[in-house]
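Visitor: Quick one, fold the following:
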Amino acid sequence: MAMSWIGVDQLCQVVSRDTAMAHIHWLSVHWQVDVPDSGHYLWWDDKGLSLKSAAFDFRSSVHVDFVEGTRARRIRAVTGEALTRAMGCQKGLRPAIFDATAGLGGDLSVLANIGCAVSAVERQPVVAALLRDALRRAENSDTGWCERVQMKCADSLDFMSHV
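Guide: All right, here's what the predicted structure looks like:
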């Protein structure tokens with residue numbers, strides 16, 4: 001059984017939140033308006049889904065964004081990067097990639113941006129939720145590479161045993 005998470009949506013953006021969460025079916029979230037006194041919780045605002053901790057500064061969070069910021073700049077500036085060479089990417093050759101530990105999507109976004117088809121698996125449900133939400137937001141922008149990404153929340157070994 002999946003662990004239930006507390007989610008905070010102080011602005012009660014139910015429509016946008018529920019639309020996003022429909023893509024994150026593996027995570028059970030109880031939404032509320034008040035920030036919990038302790039532990040980790042999910043945060044929903046106009047920037048999407050984030051992970052926060054009641055023990056840290058209210059402004060600090062884990063948030064994935066492929067459209068703006070440092071991650072977006074890395075995606076756009078990858079020509080000749082060691083990762084692309086290690087994956088066998090050459091002029092005119094873009095292999096299909098299996099990312100068994102997708103994490104927050106740094107590698108998969110770079111590889112998909114240069115034209116590789118990427119199948120990504122992340123087993124940690126909250127990390128997978130942050131990644132899925134970032135991909136959803138990038139799909140709604142003009143990034144153009146998201147259609148080359150297939151993402152699942154699963155254990156990689158279990159996933160591969162059924163392929």
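
Visitor: Going by C-alpha atoms from here, please, whenever you check contacts or count neighbours.
Guide: OK.

Visitor: So which residues make contact with the host helix or strand of residue 131?
Guide: Assigned by DSSP states H and E, residue 131 belongs to helix 125-139. For helix 125-139, contacts defined as CA atoms under 8 Å, 6 or more residues apart in numbering pick out 20, 23-24, 26-27, 48-51, 63-67, 103-105, 122, 146-147, 151-153.

Visitor: And the contacts of stretch 38-57?
Guide: Contacts for stretch 38-57 (CA under 8 Å, 6+ apart): 5-11, 13, 17, 35-37, 58, 60-64, 130, 133-134, 137.

Visitor: And the buried ones among those, selectable in ChimeraX?
Guide: Only the buried members of the contacts of stretch 38-57 end up in this ChimeraX selection, burial being decided by 16 or more other CA atoms under 10 Å:
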select :6,7,8,9,17,35,61,63,64,130,133,134,137
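
Visitor: Among the contacts of stretch 38-57, which lie within strands?
Guide: Applying DSSP state E to the contacts of stretch 38-57, the entries found in strands are 5, 6, 7, 8.

Visitor: And these, which is closest to residue 113?
Guide: Ranked by distance to residue 113 (CA to CA), the ones in strands among the contacts of stretch 38-57 are led by residue 7 at 31.3 Å.

Visitor: my guess is the closest one meets residue 36, correct?
Guide: No - using CA atoms under 8 Å, residue 7 makes no contact with residue 36, being 9.2 Å away.

Visitor: Residues contacting stretch 9-25, please?
Guide: 31, 32, 33, 34, 43, 44, 45, 129, 132, 133, 136.
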